[in-house]
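> Pasting the sequence and the predicted model now:
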Amino acid sequence: MAVVTISRQFGAGGRTLAERVAKELGYRYVHEDMIKEIAIKAQVSHDQIKSFEKRGTDKLMKFLDKIVSTSYVERLCADNYGYVDEKSYVDAVKETILDFYEKGDVVLVGRGGQFILEKHAGAVHILLVGDVPSRIHFLVTQYGLKQEDAEKAMRRADDIRSRFLNFYAEPERHDDPLSYDLTINTGRVSMDAAVDLIVGLAGKKT
């Protein structure tokens, strides 16, 4: 039983790679399920999320709009759910990731999993990086974005990622290879080769 966490610079192909790795390993790729669990644990309602997102000076900024579908949460949550702040949200993320770790055989993307599970046996931590041109090219070709939109999205997502990871580790550790089992430059390593590397490493942890 193993858990793979994938931290990635935006545009380095994290979700695409995670889905392929999960399929090869026969693991569960966690995305919507994690969103559901976080929303339940944080007890977040639609109106409270909107209010939370607008507080741009907070450390999380508008982090929620990258990982939580507002319509999904609106369907899930009732109006009597409680107030959400940075601490309650981050605590819910941590609790959710630990729950998935206990279940095992999952691939988790982002949300600080590499630091939450850094001392947990059987966890494999992957970092995906890429130079700016290759990341922009991936966003343009994979998602059909215009180049200027891809550049803007990349800068904003990198800032959000950095601010969120500050809750778990010092900034210098975010992309430090020593914080991970494997670092892959997806601008130089093909998706097929990256999948093989991660699957091989995860197989040794089971």
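Happy to help now that I have it. What you see is a predicted model, and the numbers here were worked out from it, not measured in a lab. Numbers count the residues shown, from 1 in each chain.

> what comes into contact with the helix or strand Asp192 falls within?
Asp192 is part of helix 191-205, with elements assigned from DSSP states H and E. With contact meaning CB atoms under 8 Å, 6 or more residues apart in numbering, helix 191-205 is reached by 2, 4, 13, 16-17, 20-21, 24-25, 122-124, 126, 128, 181-182, 184, 186, 189. Placement of C-beta: from N, CA and C, glycine included.

> Stretch 117-124 too?
The contact list for stretch 117-124 (CB under 8 Å, 6+ apart) reads 1-5, 97-98, 101, 104, 125, 179, 181-182, 198, 201-202, 205-206.

> rewinding a little: list the buried residues of the helix holding Asp192.
194-195, 198-199, 201-202 (16 or more other CB atoms under 10 Å).

> Could you export those as CSV, including distance to Val140?
Formatted as CSV, the buried residues of helix 191-205 follow (distance: CB to CB, whole Å):
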residue, distance to Val140
Ala194, 20
Val195, 22
Ile198, 25
Val199, 28
Leu201, 30
Ala202, 30
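
> Which pair in those has the greatest spatial separation?
Ala194 and Ala202 (12.5 Å; CB to CB).

> Show me which of the contacts of stretch 117-124 are buried.
Taking 16+ other CB under 10 Å as the criterion, what is buried in these is 2-5, 97, 101, 125, 179, 181-182, 198, 201-202.

> Okay, and which of the contacts of stretch 117-124 map to helices?
Using DSSP state H to define helices, the subset of these located there is 97-98, 101, 198, 201-202, 205.

> what's the closest non-adjacent residue to Phe10?
Ala157 (3.6 Å; CB to CB, 6 or more residues apart in numbering).

> Repeat that for Val140.
Spatial nearest neighbour of Val140, excluding adjacent residues (CB to CB, 6+ apart): Ala150 at 5.4 Å.

> Now name the helix or strand holding that neighbour.
Counting by DSSP H and E, Ala150 is found in helix 147-165.

> Contacts only, for the residue minimising distance to the centre of the chain.
Among the residues of the chain, the one closest to the centroid is Gly110, at 1.7 Å (CA atoms, centre = their mean). Shown in contact with Gly110 (CB under 8 Å, 6+ apart): 6-8, 14, 67, 161.

> tell me the least confident of those?
Least confident entry in those, by pLDDT: Ile67, with 41.
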